[in-house]
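Colleague: following is a predicted model, sequence given first.
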Amino acid sequence: IRIFTLIMTTTKISPTKKGGNRAQRRAKSRSKKKAFIKTYASLISNTKNSSVARLIELITGEKVEADLNFQSRTRWSLEDMQSYITSLIIGMAPSKFIFAATASCLAASQNGKDKDYYQWWVGEQVDYLNIDSNNRINSIRKFVNNEFGIEPGIYLVNGQSITVEAGVNDTFDKLDSVLKMTFLNAKVTLEVILSATRKQLSEQFIRMNQGIYLNGPEKRNAVISPFSDEIRELTTDHMSLLCPQYISEKEASRRKADDFLAGLCLLYQYGHQYKITEKSLWSAYDEKSTINETIFTFCDFFDNFAKAVKPYVGILPNKNSIIDMVCIIKDMEDQGRFLQDKKGFFTEFSRVHALLLNDKKFHPVSDDKVVTYQGLLRSRESKYNSLRRILLEGGGEYQLGEKKSTTRDFYPTDKSVKFDYEQDRKSTRLN
């Protein structure tokens, strides 16, 4: 695999990036010792009863921050936030807030990696890491900042009947004094972790959410591995490219953008015919996965690719077209053929893509299912990827079960479409 050269600049180092640049982390990944026997160790925590008023003091500013390793990108809707604040007022929000005390955990750390992790947060003047209550904390913050109001209706509180009207007396500043005091005096429970390794925090998040609906990408996000760290950062760096053009904000909040790039990395590494499944994705996220040693190469590639493709996103409305372009470029590079005319490539790809979208010819994807090219764009399954690839390049064969048909049977135009590459073994990157 040829490695692209990339110069990166950052203004602030992420807490997951203390290991240096990708080249340094790659070296560490190769030398990392493998653990073959799983061990279990208890963490130390303290349970505290508090009030919402005290909690607001605690979360004001940046004293309590969420490590996105343990969180979905905030996804509560306005209705969700309103419902939660209302639940606090009427005493129906019993869930614990799980925090990790950074200074205490730093003092208890036994290895350099954990010390570096907690020291970064202490240096940022963060007293507590929010492990599993990011949506609730953000809802309280936004409510006291008058960004939304509670649910309208009649509230029976302390023997009084209080009517709340939307836009009249539903925000924090305009709230009836009885309701406001009830909200501020509402009881909450804090579970403060005093001693835990970085890995234990990740396990804590996963165990707490067993039985709760978290999708696969959200659960995998909590895994500790170079692959997980790099995919998370790569997604953050290129969110403006992916969302909302290819992935909706709602999907992105559920880590679907992370999932797309994780799958794209597997296709980049193993080819467009590789099967992306929950099993193969979990295997990639595992700390012992061999892809941990090559994830840095993919990240360098995608950083360059994203810059090159950005002017064309408006005419390529489907994210699976990104899969097709990446796999074509990667295959050519594996043959020592490097893309020189980026504008020509993306323009030609866009032209053929538009031509295929307008064609209504059906293509078989199974013994009893046929779809158009537009239908092929709905999935990143290997057979869909393979057939799209044939149609786009206008050459090769497509195998369906034991039957083989030439591209001529599938390709909807009279012209053979080919992408032009210039042979240049000295070129080593997309500029």
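Modeller: In hand now; what should we look at?
Colleague: going by C-alpha atoms from here, please, whenever you check contacts or count neighbours.
Modeller: Fine.
Colleague: can you give me the end-to-end distance of stretch 365-380?
Modeller: Taking Cα to Cα, to the nearest Å, the first and last residues of stretch 365-380 lie 13 Å apart.
Colleague: center of this structure, which residue is that?
Modeller: The structure's the chain has its C-alpha centroid closest to residue 258; by Cα atoms, centre = their mean the separation is 3.0 Å.
Colleague: just the element for it, please.
Modeller: helix 256-270 (DSSP states H and E).
Colleague: pull out the buried residues from that helix.
Modeller: Buried residues in helix 256-270, counted by 16 or more other Cα atoms under 10 Å: 256-269.
Colleague: got it, and stretch 281-297?
Modeller: In stretch 281-297, counting by 16+ other Cα under 10 Å, buried: 281, 284-288, 291-297.
Colleague: and if you look at stretch 361-374?
Modeller: Buried, per 16+ other Cα under 10 Å, within stretch 361-374: 362-365, 371-374.
Colleague: about what we covered before: didn't the residue nearest to the centre of the chain look like it was pressed against residue 235?
Modeller: Yes. The criterion here is Cα atoms under 8 Å, and residue 258 meets it with residue 235 at 5.6 Å.
Colleague: how about the strands in the stretch 1-150 of the chain?
Modeller: Per DSSP state E, counting those that start in this stretch, the stretch 1-150 of the chain carries strands over the ranges 44-51, 64-66, 97-101, 128-130.
Colleague: what packs against the last one?
Modeller: The criterion is 3 or more Cα pairs under 8 Å, 6 or more residues apart in numbering; DSSP states H and E, and the helices and strands that strand 128-130 contacts are strand 64-66, strand 97-101.
Colleague: again with the third one
Modeller: Using 3+ Cα pairs under 8 Å, 6+ apart, the elements in contact with strand 97-101 are strand 128-130, strand 187-195.
Colleague: how about JSON lines for these, with mean neighbour count added?
Modeller: Output for the helices and strands packed on strand 97-101, formatted as JSON lines (neighbours: other Cα atoms under 10 Å):
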{"stretch": "strand 128-130", "mean neighbour count": "24"}
{"stretch": "strand 187-195", "mean neighbour count": "19"}
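Colleague: so which of those strands is nearest residue 248?
Modeller: Among the helices and strands packed on strand 97-101, the nearest to residue 248 by Cα to Cα is strand 128-130 (25.9 Å).
Colleague: rewinding a little: so how far is the helix holding residue 258 from its chain's centroid?
Modeller: 11 Å (Cα atoms, centre = their mean, to the nearest Å).
Colleague: just stretch 57-67 next, same as before
Modeller: 23 Å.
Colleague: now the buried residues of stretch 361-374 in JSON lines, with pLDDT?
Modeller: Below are these laid out as JSON lines (pLDDT from 0 to 100):
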{"residue": "362", "pLDDT": "86"}
{"residue": "363", "pLDDT": "83"}
{"residue": "364", "pLDDT": "84"}
{"residue": "365", "pLDDT": "82"}
{"residue": "371", "pLDDT": "88"}
{"residue": "372", "pLDDT": "87"}
{"residue": "373", "pLDDT": "86"}
{"residue": "374", "pLDDT": "88"}
